[in-house]
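Trainee: can't give you the sequence, but here's the structure:
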């Protein structure tokens, strides 16, 4: 048995994170300009290598904290990428995660120190290796998740308008939604609390602000449904 271990091929295991955020400009992704070879100076997903004492989730949490300053982040393991020549230096298998964060909450100084930058999904630059495929895969997964689970708690400010929630769903799904139908479907989930406050910047009359009922939101996360937008 020991001989079997010693004669086995050794490969590197990387963890790459697709970090989505949202602001008034739409859905965005956090990328980093690579400062070492290969592909130095080109744009990349944020990632790192698994340490001996880590499990994959711990490594992803460490990487997200290092580059965003945030720890309590929604993340989900996406897929393992194992093409033999995906990394020209060493045989490297990458396990990708996607994460959802509120752009306003992340540590801007950290991202600047690491030459990280937010890009809109539509205007993101070409990425190194197979990272573009990872992003495409993550977007498909996020869109599917949006159809069976609530989304928004991780991406919106604590208080938001119905318009902001609608725009978030439209940005994720990349299509225009019928406003009345959307409001009806969202209200049927019973996860919103309408506040006795208004955002007076949106119109003369103002728009009511909402917040998520965290307990009901979390309960919906445990049970799939079909939102059918």
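Mentor: Sure thing, it's come through. Because the structure is predicted, anything quoted here is derived from the model rather than measured. Residues are numbered from 1 along each chain as shown.

Trainee: Contacts for the host helix or strand of residue 144 next, please.
Mentor: In this assignment (DSSP states H and E), residue 144 forms part of helix 131-148. For helix 131-148, contacts defined as Cβ atoms under 8 Å, 6 or more residues apart in numbering pick out 16, 18, 20, 29, 44-45, 76, 78-79, 81, 94, 96, 98, 100, 121, 124, 126-127, 151, 169, 172-174, 224-229. Yep, even glycine has a C-beta here, placed from its N, CA and C like the rest.

Trainee: Would you mind giving me the confidence score for residue 112?
Mentor: Residue 112 is assigned 80 on the pLDDT scale.

Trainee: wait, I meant residue 41
Mentor: 94.

Trainee: sec struct for it, please.
Mentor: Taking DSSP: H, G, I helix; E, B strand; the rest coil as the rule, one finds residue 41 in the coil state.

Trainee: give the contact list for it.
Mentor: Residue 41 neighbours (Cβ under 8 Å, 6+ apart): 33, 34, 35.

Trainee: what sits against residue 182?
Mentor: Here residue 182 is in contact with 166, 169, 229 (Cβ under 8 Å, 6+ apart).

Trainee: now the last one, nearest residue through space, not along the chain?
Mentor: By that I understand residue 229. Distances taken as Cβ to Cβ, 6 or more residues apart in numbering place residue 177 nearest to residue 229, at 5.6 Å, with adjacent residues excluded.

Trainee: what lines up beside the biggest strand by length in the chain in the sheet?
Mentor: With secondary structure taken from DSSP state E, the chain has its longest strand at strand 12-23. The pairing partners recorded for strand 12-23 under DSSP bridges are strand 26-33 (antiparallel), strand 46-49 (antiparallel), strand 92-100 (parallel).

Trainee: would you list those in JSON lines and tack on mean pLDDT, distance to residue 111 and mean neighbour count?
Mentor: As requested, those are exported to JSON lines (pLDDT from 0 to 100; distance: least, Cβ to Cβ, whole Å; neighbours: other Cβ atoms under 10 Å):
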{"stretch": "strand 26-33", "mean pLDDT": "95", "distance to residue 111": "7", "mean neighbour count": "20"}
{"stretch": "strand 46-49", "mean pLDDT": "96", "distance to residue 111": "9", "mean neighbour count": "18"}
{"stretch": "strand 92-100", "mean pLDDT": "97", "distance to residue 111": "14", "mean neighbour count": "22"}
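
Trainee: mind checking the end-to-end distance for stretch 102-115?
Mentor: 19 Å (Cα to Cα, to the nearest Å).

Trainee: So which bits of that stretch are buried?
Mentor: Neighbour counts over stretch 102-115 (16 or more other Cβ atoms under 10 Å) mark 102, 103, 106, 111, 114 as buried.

Trainee: residue contacts, the first one?
Mentor: If I follow you right, that is residue 102. 21, 22, 154, 155, 156, 157.

Trainee: What's the mean pLDDT across the helix or strand hosting residue 5?
Mentor: Assigned by DSSP H and E, residue 5 belongs to helix 2-7. What helix 2-7 shows for mean pLDDT is 74.

Trainee: Same question for stretch 194-201.
Mentor: 91.

Trainee: Give me the neighbour count for residue 192.
Mentor: Applying other Cβ atoms under 10 Å, we find 20 residues neighbouring residue 192.

Trainee: Pop the domain breakdown of the protein in here.
Mentor: Residue ranges for the domains of the chain, per automatic domain parsing: 12-148, 160-222.

Trainee: Cool, thanks, talk later.
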